[in-house]
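> fold the following for me, if possible:
(chains A, B, C and D, ligands or ions: 6)
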There are 4 protein chains.
Amino acid sequence: MSANEPTGLWLVGARGSVATTAVTGLLALRAGLTAPTGCVTEREPFTRLGLPSWENLVVGGHDVVCTPLDKRAEQLAESGLIPPRVLAATTTGLQAADTEIRDGYHPATHTGSQAEAAEHLTSDITSFRERHGLARVVVVNVSSTEPPVPHVPEHDSLSALETALADPTRTVLPPSSLNAYAALRAGCPFVDFTPSPGMRLPALHELAVAEGLPYAGSDGKTGETLLRTVLAPMFTARALRVRSWAGTNLLGGGDGANLADPTQAKGKLDSKARGLAALLGEGVTAPLHIDNVPDLGEQKTAWDHVSFEGFLGARMSLQLTWNGLDSALAAPLVLDLARLTAAAHAAGESGPLGALAFFFKDPIGSDEHRFAEQTTMLTEWAESLGERRA
Amino acid sequence: MSANEPTGLWLVGARGSVATTAVTGLLALRAGLTAPTGCVTEREPFTRLGLPSWENLVVGGHDVVCTPLDKRAEQLAESGLIPPRVLAATTTGLQAADTEIRDGYHPATHTGSQAEAAEHLTSDITSFRERHGLARVVVVNVSSTEPPVPHVPEHDSLSALETALADPTRTVLPPSSLNAYAALRAGCPFVDFTPSPGMRLPALHELAVAEGLPYAGSDGKTGETLLRTVLAPMFTARALRVRSWAGTNLLGGGDGANLADPTQAKGKLDSKARGLAALLGEGVTAPLHIDNVPDLGEQKTAWDHVSFEGFLGARMSLQLTWNGLDSALAAPLVLDLARLTAAAHAAGESGPLGALAFFFKDPIGSDEHRFAEQTTMLTEWAESLGERRA
Amino acid sequence: MSANEPTGLWLVGARGSVATTAVTGLLALRAGLTAPTGCVTEREPFTRLGLPSWENLVVGGHDVVCTPLDKRAEQLAESGLIPPRVLAATTTGLQAADTEIRDGYHPATHTGSQAEAAEHLTSDITSFRERHGLARVVVVNVSSTEPPVPHVPEHDSLSALETALADPTRTVLPPSSLNAYAALRAGCPFVDFTPSPGMRLPALHELAVAEGLPYAGSDGKTGETLLRTVLAPMFTARALRVRSWAGTNLLGGGDGANLADPTQAKGKLDSKARGLAALLGEGVTAPLHIDNVPDLGEQKTAWDHVSFEGFLGARMSLQLTWNGLDSALAAPLVLDLARLTAAAHAAGESGPLGALAFFFKDPIGSDEHRFAEQTTMLTEWAESLGERRA
Amino acid sequence: MSANEPTGLWLVGARGSVATTAVTGLLALRAGLTAPTGCVTEREPFTRLGLPSWENLVVGGHDVVCTPLDKRAEQLAESGLIPPRVLAATTTGLQAADTEIRDGYHPATHTGSQAEAAEHLTSDITSFRERHGLARVVVVNVSSTEPPVPHVPEHDSLSALETALADPTRTVLPPSSLNAYAALRAGCPFVDFTPSPGMRLPALHELAVAEGLPYAGSDGKTGETLLRTVLAPMFTARALRVRSWAGTNLLGGGDGANLADPTQAKGKLDSKARGLAALLGEGVTAPLHIDNVPDLGEQKTAWDHVSFEGFLGARMSLQLTWNGLDSALAAPLVLDLARLTAAAHAAGESGPLGALAFFFKDPIGSDEHRFAEQTTMLTEWAESLGERRA
Ligand SMILES: NC(=O)c1ccc[n+]([C@@H]2O[C@H](COP(=O)([O-])OP(=O)(O)OC[C@H]3O[C@@H](n4cnc5c(N)ncnc54)[C@H](O)[C@@H]3O)[C@@H](O)[C@H]2O)c1
Ligand SMILES: NC(=O)c1ccc[n+]([C@@H]2O[C@H](COP(=O)([O-])OP(=O)(O)OC[C@H]3O[C@@H](n4cnc5c(N)ncnc54)[C@H](O)[C@@H]3O)[C@@H](O)[C@H]2O)c1
Ligand SMILES: NC(=O)c1ccc[n+]([C@@H]2O[C@H](COP(=O)([O-])OP(=O)(O)OC[C@H]3O[C@@H](n4cnc5c(N)ncnc54)[C@H](O)[C@@H]3O)[C@@H](O)[C@H]2O)c1
Ligand SMILES: NC(=O)c1ccc[n+]([C@@H]2O[C@H](COP(=O)([O-])OP(=O)(O)OC[C@H]3O[C@@H](n4cnc5c(N)ncnc54)[C@H](O)[C@@H]3O)[C@@H](O)[C@H]2O)c1
Ligand code: NA
Ligand code: NA
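Ligands and ions are numbered 1, 2, ... in the order given. Next up is the predicted model:
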């Protein structure tokens, strides 16, 4: 792989807030209109890996809504996420990018078997790859969070799964998993930036390994959880005993509206809770809330209150208020993940990429939640990739 | 060295808040009255190093005030730092420990040359070592913060320094440095838990190396700075651009009263500012205040406001409020430092112990401010010590 | 009424945290051990009203647990609510006060009709009044919060209610309302410091008016809501538009454990929400949480995030973190309410005392939630009471 | 006076951030582009007073910089203060308004006596009044904060002052006071929105009264101080004892740069401190900082930490973080003050308008700092104005 090899980034949820910010940013980076702030792959040692350049990253995707990318970007500009100057300079590019977006799969509108739906998704991706002469396409899921899926035996074996997919009376896979299946069938690595079920089914793992495809996830780590994975190890290293870690997240935007529904929020809350327990053990009281506060728009405000005990039982506390623009935090990571996963694919890696835990709330293929250790793992892995390719 | 080797801990500022908490805690640990929360050396891998046990740590020290340890502990109990139960159980032990405290050096009360003062201090320490049959004594400075000292040529060479010390008309060294000199002359390693000049003079480094003595410092990292060294690397690793990092510290207690004086506070503010610049570079606006708020007593409240920039120039912020009992955070580290420095001495290390940067705002012998890296350095160093001894 | 007239304070929930703090504080005030900080009736113009003095306030009550007052006070001292010095000086007084506590009514342990239970409660109160030769007894409910009660027709008419009470197969009243009924039947004014149904049934209002008895409530305003009723009017007066007001309450203690149950918390959350809507209208997004965080003990930490709009649509915010010891805030108000309600009774007032809205989250007899207006109402009412009596 | 009477608003500092926001907002209000959020005079009962309508408010002013209003508005739009939509619609109006701005007085550029300078300023104002056929002109100072002025005897008597003004070798008045003098000499009421000396000299009071002119000030109350005057009375009303009230203000913009200079900041810090002492008495520890943090642009972030004591000495705290766009808070008040002062002038009031204390950190003509009382005073005064005129 080299910086000159054209690479595809296929976004599931391509007209959402994260996707639109990522595409707008990519266009702005290409035009030299903005610095790559927030892009990890623009730092050492990643710059030495010959990752696809901004020019060589081509974007397409699926979505189930029709608002074109330039209109979505306009809305994001109004809410302060995209500078007016950048919007003006990228409108044409966004319109062009929008022509590469195809109708996504949604159970409410689909008729026929899920196998047919998957074939449709797959062929959208392969024709995108061929049309643009791409060396490879990385599929990244940035669509709306789905609720957890109940377990059925078909999730455990590829052949059983494919039988069920062929049955037009069944809807055995949630959309995120059907998209993952379609991506793998198109020969593409899959990255799940959401907490949805996605790749987390044994049958899909089986398929990835069989096809020699890498995958990564899940749930991009961009705010409160990022802070937690940075701060919790401090308490441990200093032998301080955390007693409670309470959190409240206020957010508007599409994600806020979606997560206002407790069923949808469950996956998100679960992935956050797993992380804290992995870092601090089970004895910590950890109430956690996600509230939809529409007037905050694209802004997310999170408050964390940590109560801890020190020498002679001293009671102390730490409070954090995080004020982030969620999509501005997520978008550069989506570009990073596309580049790094492309490199992993080029290097022949297959199965879960645990070294990408750095990017995720609930890392697949790794139990490491401590941010400093994740940083080291990522760096060492990237360097080894570079060496293997050299 | 083994856990059974009796080791001295000589505290400069032995009747202060940090010292009193450390001694009370040591007595409570010996009596099994409290868990070693906040003691880093009670965690893996340090527990495998054969560090001096609580029973084998004998305490003495210098101070310039007369309030005995048990009275000081009573005051600390009233302000919530020491549980009543622990106070009751340790009063006798504190009275005994107080008999090992000698009059410290203070320029305002001393007559004669500083050389004479140093000899006096030295002999207090050596007679303590002999009286208790100690394998070694670690001297730890926890006395009031001093202002920075202006540079004079005598600070650069041991022989020039000793000539000046002998001159009864001069006061060439600030108390912290005179205490360091006296400790080294007594053959003892010296740890500076304060931001005072202490060991930071070339002539004293010369002496330490000549005598084959290790030393460490400076300025215990227990609150706001601890958080900064944990959080700043996160912004760097994520390629986010920190624009400003403002801080306000409210504190009462002896330290609050002392730091209310801008001259005294200068050393503290300087050591904090150096740390932030080392972590994030020079372009960050970083106003910093220390306010004396007597009603807060032993509690320290610090507020930090971090403003940072992300993708497409997005403006975001993080706020922190730290609510700590300063002496409860400092005291176990004083015990840790005594143990680890004793081990370094036993292993024959000399000069600055950069591997102890983990404990300090302004580490001597290391430019590493990132907490995770400091943790790794400390752990690896401790393991190598163990191996060398084994 | 005069300061020399002995007055009873009968506490429902007499061994709870609020009650124990109130009784301990009363004993400490009598002994001159503490200043009356937090006691509104010790300020002008209330000091001129001839309210019952601390010496003339006699305490008794009902509870359903057996831990005696001095043991409960010991626990509160451990959690930092009662100073050790005060505990030591009041232990004997607390033991004496505990002899005036009788077994309360609980549906789980009671057999027989609720009418019988009420008679029992009434006779406990009347015999207390006679035993101590009291001019009057004010009954204050500080027992555990109950869930809202479903409406039944018997709640609307006294005669229908009394028929149902006599039926041993029914449990028509929740405990708080049965206690209110019993208090009124004993000829005593009733104050509800909790959000429980209490006096909020038309049949009980009918009884109070028939008996010429005043009553007040409900839900003591001591923390987050106090701040809201102070701050919301500022936004209105300045023509700023509040868009959202999110809140999270972390609390331990008995109240924390009880409110962890969403059913029990409902009353509390409802009374808070009603207040905000009364202050700012209906269009404000206002998610609100109560979390049980046992390690916080008696401490309550509340975080509020207010998002508001100014000139030209400017988006701004205010954050609050309140760190209170709930019972220390509540206890002096319980004493204030006892004194003021006694004065109202002496002055011949009957029905709801809307002028006491100052003290309550969900004032009965008043729609005024603005704190400044409540302060004026209280002061003017108190002055008029004084004049009527003079 | 009636809503149809054309009224002038003459801004000293007419191209600053507050002034530009006020003028842009006025244009937007006239065009019906924005709601009058933040405008107190658009609420009851002020709407019934026949105050000058937006159409009848004509703007001019002095400044010492040349950046025209539309360019300044462009900068403010970039920093998020003015919506792009509003900027586009008001550019022409801003250009027109800019033609009414004249060169202000600055000691560094002026030659000749201050009397000559004052005549120049006066004639700018009177010719503006005549040119537009205005019933009256209110002069509002929104220029950069000046340091406190040392007292000289000439400040105490009008005749002595005028002798000194005529002396070309002296600079007896700071610019704010010279502007006030010139305004009064033009027969105009003067409002000081800044903490500068302005009208606070006995000689100028003498002149105002002699000319029958009202005046008001000083230092617009828009953020931290607003909160303090709302919250401090709560502690008093509840008999809670405030022990310390610490504050830190982070701000960028022109005001931030100016206040970074401790000499300039002194007036601001003094006016804030006076307010707190007036509210809570002298015994409160109250450290206060203003930090220039350029990257915050027009945003102001203030953190307040209040420590207070309750029943039985309980130690509690309240923290506030205020995130305001300073000029968006100030601008509508400037319009309100122009309207209300015009009404006072029309009603024949002269001397300090204490009833406007509601708007100021350091009210002239009133000792009332409590916000609720100020609100009542303002409302009652406005109603009495209305009655007098009716
Ligand atoms: N910081 C962050 O923003 C962050 C962090 C971690 C995870 N995430 C996750 O990223 C996802 C996207 O967030 P967002 O803020 O962009 O949300 P959004 O609501 O703005 O966008 C989601 C998009 O997905 C589309 N979509 C929904 N169902 C689809 C389907 N079946 N097929 C194709 N497209 C579909 C929607 O139409 C919409 O355009 C969410 O799941 C969120 O939880 C975001
Ligand atoms: N978390 C922390 O508490 C923390 C963290 C970093 C550094 N420190 C530093 O530790 C030191 C002690 O803090 P503290 O809170 O115990 O202060 P303190 O004021 O309670 O105690 C200082 C003691 O030093 C004594 N002293 C002063 N001059 C002396 C001299 N010349 N010789 C001997 N004794 C002398 C004083 O009499 C006093 O008993 C301070 O310098 C502080 O800055 C503390
Ligand atoms: N700031 C405050 O503390 C505050 C403010 C507003 C309202 N309140 C309300 O005051 C009440 C008391 O709070 P607390 O912190 O003392 O709680 P707590 O749990 O410590 O005490 C409640 C007491 O009521 C007793 N009780 C329960 N059911 C009873 C019954 N049927 N009859 C008699 N006694 C009964 C319990 O045994 C317990 O002793 C709660 O309802 C709380 O919501 C408190
Ligand atoms: N919320 C608020 O914004 C607020 C609140 C209270 C007080 N104030 C005060 O309002 C004033 C204006 O604030 P700003 O943010 O607009 O500041 P700014 O720096 O943006 O504007 C000040 C303007 O005054 C002009 N000026 C300076 N000296 C002058 C002179 N001698 N004559 C005429 N013009 C002169 C400057 O050129 C500049 O255009 C400041 O004094 C500030 O302290 C503002
Ligand atoms: Na500290
Ligand atoms: Na302000």
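> A:Ala31: neighbour count?
Using other C-beta atoms under 10 Å in any protein chain shown, A:Ala31 is surrounded by 13 other residues. C-beta coordinates here come from the backbone N, C-alpha and C atoms, glycine included.
> got phi/psi on it?
Dihedral pair for A:Ala31: phi -80, psi 0, per degrees, to the nearest 10.
> next: A:Met316.
Dihedral pair for A:Met316: phi -140, psi 170, per degrees, to the nearest 10.
> quick check: the residue nearest to it when sequence neighbours are not counted vs B:Asp295, distance?
Closest residue to A:Met316 apart from its sequence neighbours, by C-beta to C-beta, 6 or more residues apart in numbering or on different chains: B:Gly324 at 4.8 Å. Using C-beta to C-beta, to the nearest Å, one obtains 16 Å as the distance from B:Gly324 to B:Asp295.
> ok, the two, which is more surrounded?
Between B:Gly324 and B:Asp295, counting by other C-beta under 10 Å, B:Gly324 is the more crowded of the two (25 against 17).
> give me the element the more buried one is part of.
Here B:Gly324, judged by DSSP states H and E, is contained in strand B:315-325.
> does ligand 2 have contacts with that strand?
No: using C-beta under 6 Å from any ligand atom, strand B:315-325 stays clear of ligand 2, coming no nearer than 7.4 Å.
> what angle do that strand and strand D:315-325 make?
If you take axes from the mean of the first three to the mean of the last three C-alpha atoms, to 10 degrees, strand B:315-325 sits at 170 degrees to strand D:315-325.
> hmm, the helix or strand that strand B:315-325 is followed by in reach of chain D?
If you walk from strand B:315-325 toward the C-terminus, the next helix or strand you reach (DSSP H and E) is helix B:326-346. No: using C-beta under 8 Å from any C-beta of the partner chain, helix B:326-346 stays clear of chain D, coming no nearer than 15.9 Å.
> could you check whether helix B:326-346 is close to ligand 2?
Yes: using C-beta under 6 Å from any ligand atom, helix B:326-346 reaches ligand 2 at B:326-327, B:329-330.
> and that helix, how far from the chain's centre?
With C-alpha atoms, centre = their mean, to the nearest Å as the basis, helix B:326-346 stands 8 Å off its chain's centre.
> output the contacting helices and strands for the helix or strand just after it.
On the C-terminal side of helix B:326-346, the closest following helix or strand by DSSP H and E is strand B:351-352. Counting contacts by 3 or more C-beta pairs under 8 Å, 6 or more residues apart in numbering or on different chains; DSSP states H and E, strand B:351-352 packs against helix B:202-211, strand B:214-217.
> and A:Thr90, how far from A:Ile82?
Using C-beta to C-beta, one gets 8 Å for the distance from A:Thr90 to A:Ile82.
> any residues in contact with both of the two?
Jointly contacting A:Thr90 and A:Ile82 under the rule C-beta atoms under 8 Å, 6 or more residues apart in numbering or on different chains are A:24, A:73.
> which of the two has more neighbours?
More crowded of A:Thr90 and A:Ile82, by other C-beta under 10 Å: A:Ile82, with 29 against 24.
> isn't the more buried one right next to B:Leu312, touching?
Yes: the criterion here is C-beta atoms under 8 Å, and A:Ile82 meets it with B:Leu312 at 6.0 Å.
> what do the two both touch?
Common neighbours of A:Ile82 and B:Leu312 (C-beta under 8 Å, 6+ apart) are A:21, A:24.
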